[in-house]
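# mind folding the following:
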Amino acid sequence: MRSTILDTLRRSDSAMTVAELSATCDIPATTVRFHLRGLEDDGLVVAETAEQTGRGRPRLLYRARAAMDPSGPRNYELLADVLVRALAAVPGAEQQAAEAGRAWGRSRAVAAGDPADDLMTVLDEFGFAPERARAGIRLKRCPFLELAREHPGITCAVHRGIMQGVLSTHSTDLTLVGLDAFVEGDHCFASLAEGAQLTEGDHR
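Numbering: from 1, shown residues only. Modelled structure (predicted):
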């Protein structure tokens, strides 16, 4: 119904009232008003007051604005797949992916807090369902599970970078020393230690 109302306004040469839209679209006026409010909120429709020719409440006229409808479905999985495939073909792809992750991690970190707590918060917000464990953090979910299985080098590099980026904003010796993917098939494990350094091989 929303799209029918919007399409009718876009085809109209002049602004329309609720009554005119109701008659043209064969939709009850109350339903028309409901969808018009949503279209206004999304910036797709503009309401203006008609010239007053008599007593009573002034009529509202509605016209469409030239804008793309934001109510449609999103497919970020497709976008991520396209970008990961493109990046995988670039020399030094994993290093670039890790640096992008570090930049994102630094942007989300709260340097004033405890580094381990901050890392847990960022991982939780990102969808990893982190759980503290001895010598590290157990990641019970992967927000890019399908991509991680198909392109583990790129996706795991991003995840490592995010954790490194968060920790780098803190005055701490706590570092990420390894990220093991799909441990026992049901989680990934981020190994943390004081003063150690992650090497490129530490991402099984």
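# buried residues in the host helix or strand of Val177?
For Val177, the element it lies in under DSSP states H and E is strand 174-183. Using 16 or more other CB atoms under 10 Å as the test for burial, strand 174-183 gives 174-182. Any C-beta I mention is one placed from the backbone N, CA and C, and that applies to glycine too.
# residue ranges in the protein under the pLDDT threshold?
Of all residues in the chain, those with pLDDT under 70 make up the ranges 52-56, 195-204.
# circling back to that earlier point, in its sheet, what does the strand holding Val177 sit against?
Sheet pairing here is set by DSSP bridges, and for strand 174-183 it gives strand 187-194 (antiparallel).
# how does the chain divide into domains?
For the chain, the structural domains run 2-64, 76-194, going by automatic domain parsing.
# quick check: end-to-end length of the longest one?
Distance between the boundary residues of domain 76-194 (CA to CA, to the nearest Å) amounts to 37 Å.
# distance from the chain centre to that domain, please.
What separates the centre of domain 76-194 from the centre of its chain is 16 Å, taken as CA atoms, centre = their mean, to the nearest Å.
# and stretch 2-20, by the same measure?
Relative to its parent chain, stretch 2-20 has a centroid offset of 32 Å by CA atoms, centre = their mean.
# ok, now stretch 19-27?
37 Å.
# what's next to that stretch, contact-wise?
Under the criterion CB atoms under 8 Å, 6 or more residues apart in numbering, residues 1, 4-5, 8-9, 16, 28-29, 32, 36, 62 lie in contact with stretch 19-27.
# now the buried residues of strand 174-183 in a markdown table, with distance to Pro70?
Output for those, formatted as a markdown table (distance: CB to CB, whole Å):
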| residue | distance to Pro70 |
| --- | --- |
| Leu174 | 41 |
| Thr175 | 42 |
| Leu176 | 38 |
| Val177 | 43 |
| Gly178 | 42 |
| Leu179 | 36 |
| Asp180 | 40 |
| Ala181 | 36 |
| Phe182 | 36 |
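# closest to Gln96 among the residues you listed?
Taking CB to CB as the measure, Gln96 lies nearest Leu179 of these, at 17.2 Å.
# now which of the contacts of stretch 19-27 would you call buried?
Buried among these by 16+ other CB under 10 Å: 5, 8-9, 16, 32, 36, 62.
# sort out for me which of those are in helices.
5, 8-9, 32, 36 (DSSP state H).
# mind giving me TSV with those residues and columns for distance to Leu139?
Shown next, in TSV, are these (distance: CB to CB, whole Å):
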residue	distance to Leu139
Ile5	45
Thr8	50
Leu9	48
Val32	48
Leu36	45
